[in-house]
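Colleague: A structural model of the following input is requested.
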Amino acid sequence: MNIPNCIIEITRMCNMTCDHCLRGDMQDMCMKEEYLDSLFGKVDYISTLTLTGGEPSLRPDIIRIVLNKAKQYNVEVGSFYIATNGKGITSEFVMVCLEWFLYCEDKDMCIVELSNDTFHEDSDNDNLLQGLSFFSQREPMRRDGVVSMGRAQDYGIGMRSLVVSGYEIDEDMIIEGEIYLNCEGYIISSCDLSYDDQEELTVCHVDDLSIKQLEEYTEAMEA
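Modeller: Residues are numbered from 1 along each chain as shown. Predicted coordinates for the structure are as follows:
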């Protein structure tokens with residue numbers, strides 16, 4: 001299976017409580033190795049791999065496990081993307097980002113981005129990130145760019161509605177659509193969901209992921 005856009009929820013833990021967060025309150029939950037085995041055992045190629053949370057920099061050990069699984073199952077990855085709040089960045093996090101950069105084929109598209117915008121609490125924005133050639137700083141987010149989910153909805157900050165579609169598939173290749181693996185082991189069709197709302201757009205458990213499942217999910221959405 002070839003995937004254009006794969007998102008893996010590394011952890012639901014976070015070191016901030018930003019009002020604009022679409023996820024909602026943090027949860028003491030992290031990605032399990034068995035779910036990664038199930039995912040990578042079904043995949044041949046990922047164009048863009050996003051490692052998200054929560055705050056992904058809190059668990060560089062899991063980010064490295066994801067990398068090791070990609071290597072173990074010979075899954076080629078074009079590029080990777082991580083957005084971080086920059087609070088308490090460690091050398092271990094920076095090192096595993098470098099390891100991902102070396103592994104990816106399309107290095108010009110690899111990004112570690114600091115999401116330090118007007119809605120964030122103050123962070124220390126550790127200077128370790130500045131040493132990465134693929135580091136960038138996100139443009140300040142406007143209110144109309146915030147998805148109305150989680151705390152953003154609770155505080156009336158979010159203005160952007162959720163847009164969800166199914167999958168466009170050609171044989172064993174997903175042409176369009178997101179494969180989001182959450183910490184509970186389920187495949188979700190959108191990354192812009194609060195933890196509480198993910199169940200509504202669940203495709204299947206990762207153990208059952210297949211082209212057929214994605215086609216059936218898309219047909220049900222379009223019905």
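Colleague: and the closest residue to Q198 other than its chain neighbours, what does it touch?
Modeller: Leaving aside its sequence neighbours, Q198 sits nearest to I188 (CB to CB, 6 or more residues apart in numbering; 5.1 Å). Yep, even glycine has a C-beta here, placed from its N, CA and C like the rest. Counting by CB atoms under 8 Å, 6 or more residues apart in numbering, I188 touches E178, Y180, L181, N182, Q198, L201, T202, V203.
Colleague: want to throw the residues you listed into TSV with distance to N15 and secondary structure?
Modeller: TSV is the format used below for the contacts of I188 (distance: CB to CB, whole Å; DSSP: H, G, I helix; E, B strand; the rest coil):
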residue	distance to N15	secondary structure
E178	26	strand
Y180	22	strand
L181	22	strand
N182	20	coil
Q198	22	helix
L201	27	helix
T202	28	strand
V203	30	strand
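Colleague: pLDDT-wise, what's the bottom of these?
Modeller: Within the set of the contacts of I188, pLDDT is lowest for L201 (87).
Colleague: Need the nearest residue in space to that one, chain neighbours excluded.
Modeller: The shortest distance from L201 to any non-neighbouring residue, by CB to CB, 6+ apart, is to S189 (4.9 Å).
Colleague: quick one, what contacts that neighbour?
Modeller: V164, S165, G166, Y167, G177, E178, Y180, L201, V203, Y217.
Colleague: so where does the second one fall, helix or strand?
Modeller: With elements taken from DSSP states H and E, nothing contains S165; it lies in neither a helix nor a strand.
Colleague: what mean pLDDT does the helix or strand in which L98 is found have?
Modeller: Following DSSP H and E, one finds L98 within helix 91-103. For helix 91-103, mean pLDDT rounds to 96.
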